[in-house]
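Novice: Okay, predicted coordinates and the sequence, questions at the end:
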Amino acid sequence: MTQAATYTLEQFYGDLRGVFASVSDPLGRAEGIREHVRRLLKNPEVLEERLDLPEDGGFGRVDLYVDEEYGHPNPGFLVMCSVQRPEQSNIPHDHGASWVVYGVGRGTIEQRKYRWIYPEDNVFDSSPELQELGRYTQNEGDVAYFLPGEIHTTHNVNDGRSLVLRIEAQDLRNVWRHQYEFGGKSGRAYQSST
């Protein structure tokens, strides 16, 4: 009986470059990359071996690959892993003009999507409000993407750590994007350095 060859990280990076080289629109790229992430996550041990995680802990961000030739809207797509603590969350945010693909290698996260709405009774004299559109759970092997301007949050709902593979169409450090208040009526532009 022949054993199937393991899909390596180096093959994965090459396939991502191929998607950027052959597809021009953000939706098509995100969908193409989602398929390669699904393939890689069939063997999450590949990521765990590269990360060399301790039995417990190891929380934080680990950058795996930055491409200087391809990206959206500018060159510099990034492949990274986030090792999330139990109950770790973030506030509603977008990714500016970029997009991001999230794949869960281990554990479970919840994604929530948001949009701005105006109160129906006074559209002209009121501020918009951030409203939750819906939420869903990403289990091991599940992959989702968020296009430019989409607002979302992530939350580790696992009792232990969760390992999330993230492909940023452009390294989001030092890229202008926005954070929003839960139930609020405003947002703020920011650049993250980490």
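Specialist: Happy to help now that I have it.
Novice: ok, Gly60 - how many residues close by?
Specialist: Residues lying near Gly60 (other CB atoms under 10 Å) number 11. All C-beta atoms are positioned from the backbone trio N, CA, C, and that covers glycine.
Novice: before we move on, what about Val62?
Specialist: Applying other CB under 10 Å, we find 16 residues neighbouring Val62.
Novice: for Val46, what are its contacts?
Specialist: The contact partners of Val46, taken as CB atoms under 8 Å, 6 or more residues apart in numbering, are 6-9, 40.
Novice: Repeat the analysis, applying 10 Å as the threshold.
Specialist: Shown in contact with Val46 (CB atoms under 10 Å, 6 or more residues apart in numbering): 6-9, 11-12, 40, 105.
Novice: next one: Arg85
Specialist: 57, 59-60, 156, 158, 160-162.
Novice: Swap in 7 Å and give it another go.
Specialist: By CB atoms under 7 Å, 6 or more residues apart in numbering, the contact set of Arg85 is 59, 156, 161.
Novice: just checking, the first one touches Pro86?
Specialist: No - proximity of Phe59 to Pro86 does not meet the contact threshold set by CB atoms under 7 Å, at 9.8 Å.
Novice: between the two, what contacts are shared?
Specialist: Common contacts of Phe59 and Pro86 (CB under 7 Å, 6+ apart): Arg161.
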